[in-house]
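Novice: sequence first, then the predicted structure, then my questions.
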Amino acid sequence: MIEIVRAGPLATVQDLGRPGWRDRGLSVCGALDEFALQAGNLLVGNAPGTAGLEFTLAAATLRFHADTCIAITGTDADAHLDGRPVRPWWRQRVHAGQTLKLAAPRERMRSYVAVAGGLALPAALGSLSTDLKGGFGGLDGRALRDGDRLPLKPCPALPSRRVGMRPPEWTPEVRALPGPEHDDFATDAFWASDWTVTPQSNRMGYRLAGPVLQRERGEELASHGVLPGVVQVPPSGQPIALLADAQATGGYPKIAVVIRADLWKLGQLRLGAQLRFVRCTPDAALAALRDQRLLLNQMSTALCMST
Amino acid sequence: MSELSVHALGETALCCTLPAPLSLEQQQRIWQLAAGLADVDGVRELIPGMNNLTLVFDPLRTEPAELEAAALALWARPPRRRQLGKLVDIPVTYDGPDLGDVAAHCGLSADEVVQRHTAAEYVVYFLGFQPGFAYLGGLDEALHTPRRAEPRVSVPAGSVGIGGAQTGIYPLASPGGWQLIGRTSTPLFDPQAEPPTLLAPGDRVRFVAVNE
């Protein structure tokens, strides 16, 4: 069992979400940095999509009541286990009674803790992800609070070798493809400007501030399905980049779509941070996605051989 | 026959859209298109919107050009006969805080609003906004009422409202700008059930006035 001594600003249970129910109005949810969660799971010997803990700006304390094995991925939260530093993106043995402290990270937004065996929580519609808006999934459909206790699944053979990996390189450049209504806008400003993540942002989407984007042609759109990564432009002309908790349908024109392989970068942007959209091609988007999956597969194979 | 246009939505989705005017007939063909595409290899999700369909796929398994061709081929087939889903009666207590405002706006009495609201049979065009939130077509024109100037910070779950030309039920408590005319205790969303929502695209809905 893990005791959440201090949950920090926003901590939730997340896996890779519950796609497949958007036609019933459900959000996908899931980790905002999917790569970090998957890598952490592989490091502790889990299937990559196992649910773990997502900490926003960390500043959290966890007490372990069982021997286990963890990996801390995502942004570096200067983790300490009973006062001794823990290397991020490495496997770490933990003993019952030990306390893990995550500090507020110096940069970026989200840190993940993957635990060997995973959390013993009930799945809702095939996923353990917390749907904060819908109030289900995760632990009682809500963010973790101080004092929460998370039961762990039994893990018969804890991996013992010290293994780790290099975190992916992060830059505030997010590759995107032009969206269906891209050409309705004068888009030079969109691609050439730095956009600031405003405080009116959450797991549903980031509201961005920058030059006003004016739609120059095109009719009002009927409601349509949207996805994480879609960049919408409401009448204010200030874009909204949708994230995992976005609603299933929307009606604003879509100027761009962040490529799947860079969605994690979007999710790691801090409120107040700046980003730039870099125009990409479908071929490059596919190549980046293929590389990312290949990297996870290679890790999986390498770790299987090392344990 | 209307032309279906297909646009890429990133590298993992396609939007299939129909030109205006919106119609139920077109929407039925959208549902049929979704049903036809459900068996195509690599298709992950099919999300109907208002006279459009978003198709999510795994780009490492399927070429978007193949999916586009499959969608256009299905679209070119003659439409099947009119098909609608199950009929769902939803009991409503018509005591919403905006019932008086809606009646005043429409130049009707509160009883007439209730009569007209319960007289129609509505069709679920698609779901969105919240789990189980159905966009219903078929609201009597005499009841069309603009949204509230000031949206409410929290609309209780089960609220039945009117927003412009649409009527619907909030499955969950949330902020909202619709005019609230009543409430129902019928659950519209249950995350423990499969499927998790009472309503699906194509279902028909009747509101039945009850006294609690």
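Specialist: That came in fine, so what should we check first?
Novice: local confidence estimate at A:Ser306?
Specialist: Per-residue confidence for A:Ser306 comes out at a pLDDT of 65.
Novice: what do you get for A:Arg162?
Specialist: Model confidence at A:Arg162, expressed as pLDDT, equals 88.
Novice: ignoring the adjacent residues along the chain, who's closest to it?
Specialist: Nearest residue to A:Arg162 in three dimensions, chain neighbours excluded: A:Arg91, at 6.3 Å (C-beta to C-beta, 6 or more residues apart in numbering or on different chains). Glycine gets a C-beta too; all of them are placed from N, C-alpha and C.
Novice: state the distance from the residue lying farthest from the centre of chain B to A:His80.
Specialist: The outermost residue of chain B relative to its centre, with distances by C-alpha atoms, centre = their mean, is B:Leu60 at 31.6 Å. Per C-beta to C-beta, to the nearest Å, B:Leu60 is found 39 Å from A:His80.
Novice: one more: A:Ile4?
Specialist: Distance, A:Ile4 to A:His80, using C-beta to C-beta: 17 Å.
Novice: looking at these two, which one has more neighbours?
Specialist: Counted by other C-beta atoms under 10 Å in any protein chain shown, A:Ile4 and A:His80 do not tie: A:Ile4 has more neighbours, with 20 against 15.
Novice: so what's the spatially closest residue to A:Arg22 that is not a sequence neighbour up against?
Specialist: Ranked by C-beta to C-beta, 6+ apart and with sequence neighbours excluded, the top spatial neighbour of A:Arg22 is A:Ala248, at 4.0 Å. Listed by C-beta atoms under 8 Å, 6 or more residues apart in numbering or on different chains, the contact partners of A:Ala248 are A:22-27, A:225-226, B:47, B:127-129.
Novice: hang on, the earlier thing: the residue nearest to A:Arg162 touches A:Leu43, doesn't it?
Specialist: Yes: taking C-beta atoms under 8 Å as the definition, A:Arg91 is a contact partner of A:Leu43 at 4.8 Å.
Novice: any shared contact partners between these two?
Specialist: When contacts are counted by C-beta under 8 Å, 6+ apart, A:Arg91 and A:Leu43 are jointly contacted by A:71, A:163-164.
Novice: include distance to chain B, secondary structure and neighbour count when you put the residues you listed into CSV, please.
Specialist: Conversion of the shared contacts of A:Arg91 and A:Leu43 to CSV gives the following (distance: C-beta to the nearest C-beta, whole Å; DSSP: H, G, I helix; E, B strand; the rest coil; neighbours: other C-beta atoms under 10 Å in any protein chain shown):
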residue, distance to chain B, secondary structure, neighbour count
A:Ala71, 26, strand, 30
A:Val163, 27, coil, 19
A:Gly164, 27, strand, 14
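Novice: and B:Arg44, helix, strand or coil?
Specialist: Counting by DSSP: H, G, I helix; E, B strand; the rest coil, the backbone at B:Arg44 sits in strand.
Novice: tally of neighbours for the residue nearest to it when sequence neighbours are not counted?
Specialist: In space, not counting the residues next to it along the chain, B:Arg44 is nearest to B:Val56; the distance is 4.6 Å by C-beta to C-beta, 6+ apart. For B:Val56, the count of nearby residues is 22 (other C-beta under 10 Å).
Novice: wait, a helix at B:Val56?
Specialist: No: secondary structure assignment places B:Val56 outside any helix; it is strand (three-state DSSP).
Novice: and the shared contacts of A:Arg91 and A:Leu43, which is closest to B:Pro91?
Specialist: Taking C-beta to C-beta as the measure, B:Pro91 lies nearest A:Ala71 of those, at 51.4 Å.
Novice: mind checking pLDDT for the residue nearest the centre of chain B?
Specialist: Nearest to the mean C-alpha position of chain B, by C-alpha atoms, centre = their mean, lies B:Tyr135 at 2.4 Å. As summarised for this prediction, B:Tyr135 has a pLDDT of 94.
Novice: which residues touch the residue nearest to A:Arg18 when sequence neighbours are not counted?
Specialist: Residue nearest to A:Arg18 in three dimensions, not counting chain neighbours: A:Ser127, with 3.7 Å by C-beta to C-beta, 6+ apart. A:Ser127 makes contacts with A:15-18, A:29-30, A:51, A:137, as judged by C-beta under 8 Å, 6+ apart.
Novice: those: which two are farthest apart?
Specialist: Farthest-apart pair in those is A:Leu16 and A:Gly137; separation 12.4 Å (C-beta to C-beta).
Novice: intersection of neighbour lists for these two?
Specialist: When contacts are counted by C-beta under 8 Å, 6+ apart, A:Leu16 and A:Gly137 have A:127, A:129 as shared neighbours.
Novice: more neighbours: those two, which one.
Specialist: Each of A:Leu16 and A:Gly137 had its neighbours counted (other C-beta under 10 Å), and the higher figure belongs to A:Gly137 (29 against 21).
Novice: that one reaches A:Pro122, doesn't it?
Specialist: No: with contact defined as C-beta under 8 Å, A:Gly137 and A:Pro122 do not form a contacting pair (9.1 Å).
Novice: gap between B:Asp39 and chain A?
Specialist: As defined by C-beta to the nearest C-beta, to the nearest Å, B:Asp39 lies at a distance of 15 Å from chain A.
Novice: that residue belongs to a helix?
Specialist: No: the assignment for B:Asp39 is coil, going by three-state DSSP, so no helix is present there.
Novice: tell me how many other residues crowd the residue nearest to A:Glu107 when sequence neighbours are not counted.
Specialist: Among residues not flanking A:Glu107 along the chain, A:Thr75 sits closest, at 6.5 Å (C-beta to C-beta, 6+ apart). Using other C-beta under 10 Å, A:Thr75 has 23 other residues around it.
Novice: domains of chain B?
Specialist: Residue ranges for the domains of chain B, per automatic domain parsing: B:5-76, B:87-209.
Novice: and the end-to-end length of the shortest one?
Specialist: Spelled out, that is domain B:5-76. 12 Å (C-alpha to C-alpha, to the nearest Å).
Novice: longest helix in chain A, please.
Specialist: In chain A, with assignment by DSSP state H, the single longest helix is helix A:282-306.
Novice: low-confidence regions, chain A specifically.
Specialist: Counting by pLDDT under 70, the ranges of chain A that qualify are A:306-307.
Novice: show me it divided up by domain.
Specialist: Taking automatic domain parsing as the domain assignment, the ranges for chain A are A:2-166, A:173-286.
Novice: for the helix or strand of chain B with the lowest mean pLDDT, packing partners?
Specialist: Comparing every helix and strand of chain B by mean pLDDT, DSSP states H and E singles out strand B:174-176 as the least confident one, with a mean of 89. When contacts are defined as 3 or more C-beta pairs under 8 Å, 6 or more residues apart in numbering or on different chains; DSSP states H and E, strand B:174-176 packs onto strand B:152-155.
Novice: where's the closest residue to A:Pro172 other than its chain neighbours, which helix or strand?
Specialist: With C-beta to C-beta, 6+ apart as the criterion, A:Pro172 has its nearest non-adjacent residue at 4.6 Å, and that residue is A:Leu275. Element membership for A:Leu275 (DSSP states H and E) is strand A:274-279.
Novice: listing partners with orientation, what would you give for that strand?
Specialist: Within its sheet, and counting by DSSP bridges, strand A:274-279 is paired with strand A:173-178 (parallel), strand A:195-197 (antiparallel).
Novice: mean neighbour count added to the ones you listed, as TSV?
Specialist: Rendered in TSV, the data for these read as follows (neighbours: other C-beta atoms under 10 Å in any protein chain shown):
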stretch	mean neighbour count
strand A:173-178	20
strand A:195-197	21
